[in-house]
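Enquirer: I would like to see how this sequence folds:
(one chain, ligands or ions: 2)
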Amino acid sequence: MRGEGLEMSTPARPIKRSVSTNHDMSTLERGFSRSSGYADNEAPLERGLGARPTLERETQNLARADCKTQELLVNMKKSALPVQNICGIEKQKCGKEALVKLLRWHFGHSEFRGKQLEAIEAVLSGRDCFCLMPTGGGKSMCYQIPALAKTGIVLVVCPLIALMENQVMALKAKGIAAEYLSSTQTSQVRNKIHEDLESGKPSLRLLYVTPELIATPGFMSKLTKIHARGLLILIAIDEAHCISTWGHDFRPSYRKLSSLRNRLPNIPILALTATAVPKVQTDVIESLCLHDPLVLKSSFNRPNIYYEVRYKDLLDDPYADLANLLKSCGDVCAIVYCLERTTCDDVAGHLSKNGISCAAYHAGLNNKLRSSVLDDWISSKKQVVVATVAFGNSGALTAVEFGIDRKDVRIVCHFNIPKSMEAFYQESGRAGRDQLPSRSLLYCGMDDCKKMQFILGASKSKKEQSSSSQDGSSKKSLADFNQMVEYCQESGCRRKKILGSFGEQVPASLCKKSCDACKHPNLVAKYLEELRTTCAFRHKNQSSRIYISSSSNMNNEEQLSEFWNRDEASGSEEDISDSDDAIDVVRSLVRSSLPSKPRLNEKIELLQREEENYYWNKIPEKQNNKLDKNAISETLRETSKQRLSNALKQTQQRLSNLPIDLETSVSFLENECYKKYGKTGKSFYCSQVASTVRWLSTTNSTELINRLRSSTSSIAENTSVDENSSSTSLALLDQSLIETSNEKIHGSVRSETSSIALQSNSHDISLPPIPSFSEFVNSRKAQDKQLLMSEKKSLNGVHKNLVKKMRLQ
Ligand SMILES: Nc1ncnc2c1ncn2[C@@H]1O[C@H](COP(=O)(O)OP(=O)(O)OP(=O)(O)O)[C@@H](O)[C@H]1O
Ligand SMILES: [Mg+2]
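Expert: Ligands and ions are numbered 1, 2, ... in the order given. This next block holds a predicted model:
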């Protein structure tokens, strides 16, 4: 009878198996010995060893199990939904055995990991809990199991919509009733969820929400009702470090969560994070008003990750180095993080050229393209995704947010130095969530360092003058970044440095040669020495050199915020205020919109001044040998053309195979870059190429045609070719716009590749509509002024209305 019951109860959900990885350890780092943090209690089933409890074994187990467990399993049989009280009597404590059964049954893991069980038992007994577990440690299980073990709903606060989507999808696939509420859903879906919540017997077990939604008056009143009916069993705050201004990903909306304790009393709160230094830990506990919480801290150590740093300044070509490394590792899944979109495009272009299946992913791409990149990466059609830092971390809530749930990421590469150790830990922690050997590789470049230090330092000195309240946080940003620089540029075990930054003191022997500094200490020492020499040389010769990506790199607010990664998305219809006080509302509106802009402008002005200095310092007599290195070689020009050609092909495809002559257009676009920055040097030229690549990824047919129109006419003039052929091209181009004809434009003109020839002709070529830095700044100032005026107007309106409302009350 019981056997039958189980037979019927075999869930239709897919059974989780470990993702097969077609790499072996040697391809990642020969000789790097794995010492798993979870090896002892790791589920054998997760390793694909076929040890998942079979129905037969489960039946035998059941026969041995006590009465309570039998009841539990029978309930699970019926359980898809509605909510069952699987722990028997409501108040009864769920025993360990029952919880393990749930884990095995629903998730296919044989045992709890680390401190999972302690956390689960604590919250089930009604106690608050602060849970610090490493990335990929299995924090989600700490609230997912309680949702299955008790009648009622677990509310999960999550910083990213995509992360919620991911988890909900995975839970649903296991037959567990989970939903998320966000502005991205249709009102139909939202209404259905609300109906369920308001019904006498909601079927939901887990409800994921954003921090913005949770305190909106409407939603809060729904929560209060559910709470009053005794249906709320737990509040889980994922990525809880976002509540702390000391955390690396402070989210103002998280601060609103401090009101939860009072509004929903007697409900245990579970705060979860992987990245919290001691100060942040205390801050989280205090901010969430946790009462006598059980504080569970696991080691931050990720023993399956091999840490390594490479020095861009000592490499001939960092792009080629990365491409070679990825190729040598075989067809493994990887993420490359960059600080800016242009770098993303650049890196992706290089890797593709080297035959690596990869794609860029950033806010500059349209939604369709972004989701297709993600789909391709998740389904292994693409091996590498090259993304801005907003990808997959809980940082800036931008349109590119994405919860990465691939366990088999083998390599995480930072092509630029991350902003802080916490960010680095979180991002590199995306590697090896399946606990298999994986690799973190960081490319450290002096220019990247200077650029970041300049930005952070500049904002610090301004803050010091104004002695604003943000002073501390900007100082901290610089200190955080410098800690990352030390990680790269000082000798000693990398793992020890990471753990030390989280207050965990460990002997270097813990590393077991699983970082480059422990494995190849002499080599690393040699590199560092070479780096110091190079640094000293450059310091002597180019003390004021600052790299600015390019004038058109920073063409909108979204991009700037992505670069500095500090701004939080605002203006959401679900933005909340935890106070109904009218003045507070006005204040928060003023705070959220006004101060950030002058800060941005300050930075831009400083960069502009540096750009001017840079030009001044580049007068010929001041040029030295080192600057010759900055000359643009023919090879570089050819490479750039190739990159532009790839980008243009993609654009062509995107624009329904717009008929253009590829070669002529590429030559023209490359000439534009060369014309603009040929004399200035390699860095600016490269940036301009990257900027054009980026422009191509978003431009529309009209813009492209307009830009290329000047190509056909100007090149025709300059090179004195047959006028007819040029005008024919132009005519075809226009016609193509009207008729969407498939005719090709046969531009008979080829641009000169010789730089000498180009220089002699360049004065005739019309410049592209890419604004200079000054133009960009001036246009921004005008925009900002306009914005400020309209904000003032609307704030006045809001204020007047509120004052009126208050008077009426
Ligand atoms: N007890 C367990 N045994 C084996 N695998 C587990 C166990 N608990 C969780 N896992 C697996 O570990 C992986 C990581 O889990 P999860 O996403 O919850 O980690 P996390 O701690 O939230 O990580 P992050 O900080 O990156 O968000 C998941 O694939 C999950 O299925
Ligand atoms: Mg998580």
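Enquirer: which residues sit in contact with the residue in the stretch 151-300 of the chain that ligand 1 sits nearest to?
Expert: For the stretch 151-300 of the chain and ligand 1, the shortest gap (CB to the nearest ligand atom) falls at Ala274, measuring 3.8 Å. In this view, the C-beta of every residue, glycine as well, is placed from N, C-alpha and C. Counting by CB atoms under 8 Å, 6 or more residues apart in numbering, Ala274 touches Leu132, Met133, Pro134, Thr135, Gly137, Lys139, Phe300, Tyr425, Gln426, Gly429.
Enquirer: go on, Lys497?
Expert: By CB under 8 Å, 6+ apart, the residues touching Lys497 are Glu486, Tyr487, Glu490.
Enquirer: what does Pro293 give?
Expert: Contacts for Pro293 (CB under 8 Å, 6+ apart) come out as Arg127, Asp128, Cys129, Phe130, Ile269, Ala271, Ile285.
Enquirer: My reading is that the first one lies in a helix. Confirm?
Expert: Right, Arg127. No - the assignment for Arg127 (DSSP: H, G, I helix; E, B strand; the rest coil) gives coil, which keeps it out of a helix.
Enquirer: looking at it, it is touching Pro268, isn't it?
Expert: Yes - the criterion here is CB atoms under 8 Å, and Arg127 meets it with Pro268 at 6.0 Å.
Enquirer: Between these two, which is the more surrounded one?
Expert: Neighbour totals were compared for Arg127 and Pro268, and Pro268 leads with 22 against 17 (other CB atoms under 10 Å).
Enquirer: Identify the residues contacting the residue nearest to that one when sequence neighbours are not counted.
Expert: Once flanking residues are discounted, Pro268 sits nearest to Val123: 4.7 Å by CB to CB, 6 or more residues apart in numbering. Neighbouring residues of Val123 by CB under 8 Å, 6+ apart: Cys129, Cys142, Tyr143, Pro146, Leu234, Pro268, Leu270.
Enquirer: Three-state assignment for the last one, please.
Expert: Right, the one you point to is Leu270. strand.
Enquirer: Any regions of the stretch 351-500 of the chain where pLDDT drops low?
Expert: Low-confidence segments of the stretch 351-500 of the chain (pLDDT under 70): 390-405, 458-474.
Enquirer: Which residues of it lie near ligand 1?
Expert: Taking CB under 6 Å from any ligand atom as the contact definition, the stretch 351-500 of the chain meets ligand 1 at Lys407, Gly429, Arg433.
Enquirer: Need those residues in TSV (columns: neighbour count, distance to Thr342 and secondary structure).
Expert: Listed next are these as TSV, based on neighbours: other CB atoms under 10 Å; distance: CB to CB, whole Å; DSSP: H, G, I helix; E, B strand; the rest coil:
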residue	neighbour count	distance to Thr342	secondary structure
Lys407	19	31	coil
Gly429	23	26	coil
Arg433	21	29	coil
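Enquirer: Can you tell me what sits against the helix or strand harbouring Ser372?
Expert: Assessed by DSSP states H and E, Ser372 sits inside helix 367-378. Helix 367-378 has contacts (CB under 8 Å, 6+ apart) with 333, 359-361, 365, 381-382, 384-385, 399-400, 402, 406, 654, 697.
Enquirer: most surrounded residue in those?
Expert: Ala360 (30 neighbours).
Enquirer: which residues does it bridge with?
Expert: The partner list for Ala360 in beta bridges (DSSP bridges) reads Val386.
Enquirer: Asp345 is in contact with that one, correct?
Expert: Yes - Ala360 lies in contact with Asp345 (CB under 8 Å); the separation is 5.3 Å.
Enquirer: overlap in contacts of the two?
Expert: Residues within reach of Ala360 and of Asp345 at once, by CB under 8 Å, 6+ apart, are Ser697.
Enquirer: domains of the chain?
Expert: Structural domains annotated on the chain: 96-297, 305-460+474-539, 634-700, as defined by the TED database.
Enquirer: worst average pLDDT in those domains?
Expert: Mean pLDDT per stretch puts domain 634-700 lowest among those, at a mean of 82.
Enquirer: May I have the distance across that one, first residue to last?
Expert: The first and last residues of domain 634-700 sit 30 Å apart, counting by CA to CA, to the nearest Å.
Enquirer: In CSV, list the C-alpha atoms belonging to the helix or strand containing Lys496.
Expert: Element membership for Lys496 (DSSP H and E) is helix 494-501. Output of helix 494-501 as CSV, limited to C-alpha atoms (Å, rounded to 0.1, in the frame of the first residue of the first chain):
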residue,chain,number,x,y,z
ARG,A,494,45.8,35.3,-3.0
ARG,A,495,43.4,33.1,-1.1
LYS,A,496,44.8,34.4,2.2
LYS,A,497,44.2,37.9,1.1
ILE,A,498,40.7,37.3,0.0
LEU,A,499,39.8,35.6,3.3
GLY,A,500,41.7,38.2,5.3
SER,A,501,39.6,40.9,3.8
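Enquirer: Which positions in this protein make contact with ligand 1?
Expert: 43, 46, 109, 112-113, 116, 133, 135-141, 274, 407, 429, 433.
Enquirer: Which of the contacts of Ala274 fall within strands?
Expert: Members of the contacts of Ala274 lying in strands (criterion: DSSP state E): Leu132.
Enquirer: Farthest pair within the contacts of Ala274?
Expert: Using CB to CB, these span at most 14.4 Å, a distance reached by Lys139 and Tyr425.
Enquirer: Which one's more surrounded, the two?
Expert: The neighbour comparison of Lys139 against Tyr425 (other CB under 10 Å) goes to Lys139, with 26 against 23.
Enquirer: any idea how far that one lies from Pro268?
Expert: Going from Lys139 to Pro268 by CB to CB, to the nearest Å gives 16 Å.
Enquirer: what's the answer for Val347, then?
Expert: Look at Val347 and Pro268: by CB to CB, they are 45 Å apart.
Enquirer: can you check Leu351 too?
Expert: From Leu351 across to Pro268, the span is 47 Å (CB to CB).
Enquirer: got it, and Ser371?
Expert: 37 Å.
Enquirer: same check, this time on Glu422
Expert: 27 Å.
Enquirer: repeat for Glu530
Expert: From Glu530 to Pro268 the distance is 55 Å (CB to CB).
Enquirer: Now do Ala228: how many residues are near it, please.
Expert: Other residues within reach of Ala228, judged by other CB under 10 Å, total 10.
Enquirer: returning to that earlier point: need the contacts of Ala274 in TSV (columns: distance to Leu322).
Expert: Formatted as TSV, the contacts of Ala274 follow (distance: CB to CB, whole Å):
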residue	distance to Leu322
Leu132	33
Met133	31
Pro134	26
Thr135	23
Gly137	29
Lys139	31
Phe300	27
Tyr425	21
Gln426	21
Gly429	20
